[in-house]
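S.K.: Predicted model, plus sequence, below.
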Amino acid sequence: MPGQVGAIANEREGLLAYLAQMRHVIRLTAYGLTPEQLRAAPTASELTVGGLIKHCSSIEEGWIDTVRREPRELDYHAYADNFALRDDETIEDVLADYDRVAAKTEKTIAEIADLGQDVPIDHSVPWNPKDLDNWSVRWVLLHLIQETARHAGHADIIREALDGGTAYPIMAAAEGWPESPWMKPWKPTGDQVL
């Protein structure tokens, strides 16, 4: 996937394209990391690259289930667990699940005629406004872009703290871009692999 979203023909296509791009960039933060690095929390927080990717997948599925009027019961233990890549999980499993969630999102949005369709607000959580009863599907997609982009930024910082890898050089390595005077693809160090 290129570093920029391509041309878009309409709002729906644009929202889905930007969400797909944000999924892509957060996934790239895991590129070439060891299982230990995927679980490492090298900054002041407990956030990890693997945990952030797992969290974004879970959050997206939760929102799409709400759009489908199949909301999950809020489970704070599961919510916290989704910020960690457990020892019995692999990044390959997490990425495969994220692919499944992405396909579910694409299918769900394709089946909705009007992006203005109401989506009920869960008032049981403190961060949702109490004076509104509904979001729209459009709002949910924008929120998912925002949420994924925010966590991609967190993952970028964690990745840089782990091995100095930054977004475009990692993208260049993952996508096989040729080296140029202004862009040198990331290269693994030590026990990291491509």
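M.R.: Sure thing, it's come through. Predicted model, so just to flag it, every value in this text is computed and none were measured.
S.K.: surely V49 meets R159?
M.R.: Yes - if you go by C-beta atoms under 8 Å, V49 and R159 touch, sitting 5.9 Å apart. Using the backbone N, CA and C atoms, a C-beta is placed for each residue, glycine as well.
S.K.: where do the contact lists of the two overlap?
M.R.: Listed as contacting both V49 and R159 by C-beta atoms under 8 Å, 6 or more residues apart in numbering are 29, 33.
S.K.: Please enumerate the strands of the chain.
M.R.: For the chain, the strands identified by DSSP state E occupy 118-120, 134-136, in order along the chain.
S.K.: what residues does the worst-scoring helix or strand of the chain on mean pLDDT touch?
M.R.: The least trusted helix or strand in the chain, going by mean pLDDT, DSSP states H and E, turns out to be helix 76-81, with a mean of 83. Counting by C-beta under 8 Å, 6+ apart, helix 76-81 makes contact with S58, all of which sit outside it.
S.K.: Leaving out the residues flanking it, which one is nearest to G6?
M.R.: The shortest distance from G6 to any non-neighbouring residue, by C-beta to C-beta, 6 or more residues apart in numbering, is to A17 (7.1 Å).
S.K.: how close does that neighbour get to P2?
M.R.: Remark: distance between A17 and P2 (C-beta to C-beta, to the nearest Å) = 11 Å.
S.K.: Which one's more surrounded, these two?
M.R.: Residue environment comparison for A17 versus P2 gives the larger neighbour count to A17, 17 against 10, counting by other C-beta atoms under 10 Å.
S.K.: my guess is the more buried one meets A7, correct?
M.R.: No - A17 is not in contact with A7 according to C-beta under 8 Å; the separation is 9.3 Å.
S.K.: Could you dump the strands of the chain into JSON lines and include distance to S58?
M.R.: Formatted as JSON lines, the entries for the strands of the chain read as follows, by distance: least, C-beta to C-beta, whole Å:
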{"stretch": "strand 118-120", "distance to S58": "18"}
{"stretch": "strand 134-136", "distance to S58": "19"}
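S.K.: got those strands as CSV, with mean neighbour count, distance to P42 and mean pLDDT columns?
M.R.: What follows is the strands of the chain, written out as CSV (neighbours: other C-beta atoms under 10 Å; distance: least, C-beta to C-beta, whole Å; pLDDT from 0 to 100):
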stretch, mean neighbour count, distance to P42, mean pLDDT
strand 118-120, 15, 37, 96
strand 134-136, 15, 35, 97
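S.K.: and E11, which of those strands is closest to it?
M.R.: Closest approach to E11 among the strands of the chain is made by strand 134-136 (11.7 Å; C-beta to C-beta).
S.K.: The closest one - contacts with which helices or strands?
M.R.: With contacts taken as 3 or more C-beta pairs under 8 Å, 6 or more residues apart in numbering; DSSP states H and E, strand 134-136 sits against strand 118-120.
S.K.: what comes into contact with the strand it packs on?
M.R.: By C-beta under 8 Å, 6+ apart, the residues outside strand 118-120 that reach it are 66-67, 69, 71, 133-137, 139-140.
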